[in-house]
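Asker: here's a sequence, model it:
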Amino acid sequence: MLARIALLALAVAVVTVGAGCVDRMHPRQYPRWVVGVNDPAEIQWRRCLGMRSVVKRSGKAGLGAVLEVRSRHDCPGTVTRAELVFDDGARAAATPPALPAMRGRSLHYLWLPVPFDGDAVWNAGVRRGRLELEVRFPDGTEVFTWPVFQAFEGPWR
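Answerer: The predicted model follows:
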């Protein structure tokens with residue numbers, strides 16, 4: 001009986017201490033990659049194709065960006081290269097997304113995951129880079145570029 005009371009007291013102590021360790025008033029903050037443009041709604045136009053990028057996921061395994069792709073008229077093109085180029089010269093290659101048929105005034109959203117070791121990049125002190133997409137048109141190649149940086153307000157808000 002005494003062992004049961006001691007075990008119950010230990011369980012109550014563990015739950016009490018564990019509940020007291022969570023600071024719900026100051027949630028933990030983590031570094032995250034963001035697109036660093038002056039006007040987030042700005043669309044970059046190359047020939048007949050316009051794009052803008054927004055980072056939606058960021059973490060230890062890389063980042064995920066949404067690409068808003070527009071056309072003014074029929075615009076055949078293929079994404080041939082997609083990568084994140086860090087300021088230290090390192091590159092994180094992504095699988096180029098398939099560009100849908102851009103007929104007339106089209107609007108499509110594409111998901112672009114860029115895998116890389118986020119911890120290694122952070123520990124190396126790299127905080128900036130650029131997201132590059134190379135698009136091949138029937139009459140040439142153009143490159144879309146967005147500056148990115150790691151935003152971090154500190155460990156606590």
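Asker: just the strands in this structure please.
Answerer: Applying DSSP state E to the chain gives strands spanning 32-35, 44-46, 49-59, 62-71, 78-86, 91-94, 107-115, 128-137, 140-151.
Asker: got the buried residues for the longest helix along the chain?
Answerer: Using DSSP state H, we find that the single longest helix of the chain is helix 2-20. Buried residues in helix 2-20, defined by neighbour count with 16 or more other Cβ atoms under 10 Å: none. In short, each C-beta sits where N, CA and C put it, glycine included.
Asker: pipe the strands of the chain into JSON lines and attach mean neighbour count per row.
Answerer: Shown next, in JSON lines, are the strands of the chain (neighbours: other Cβ atoms under 10 Å):
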{"stretch": "strand 32-35", "mean neighbour count": "18"}
{"stretch": "strand 44-46", "mean neighbour count": "16"}
{"stretch": "strand 49-59", "mean neighbour count": "17"}
{"stretch": "strand 62-71", "mean neighbour count": "20"}
{"stretch": "strand 78-86", "mean neighbour count": "18"}
{"stretch": "strand 91-94", "mean neighbour count": "16"}
{"stretch": "strand 107-115", "mean neighbour count": "15"}
{"stretch": "strand 128-137", "mean neighbour count": "19"}
{"stretch": "strand 140-151", "mean neighbour count": "16"}
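Asker: rewinding a little: for the longest helix of the chain, which helices and strands make contact with it?
Answerer: Packed against helix 2-20 by the contact rule (3 or more Cβ pairs under 8 Å, 6 or more residues apart in numbering; DSSP states H and E) you find no helix or strand.
Asker: let me have the strands of the chain in CSV, extended by distance to Ile5.
Answerer: Conversion of these to CSV gives the following (distance: least, Cβ to Cβ, whole Å):
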stretch, distance to Ile5
strand 32-35, 48
strand 44-46, 70
strand 49-59, 45
strand 62-71, 52
strand 78-86, 59
strand 91-94, 57
strand 107-115, 53
strand 128-137, 59
strand 140-151, 51
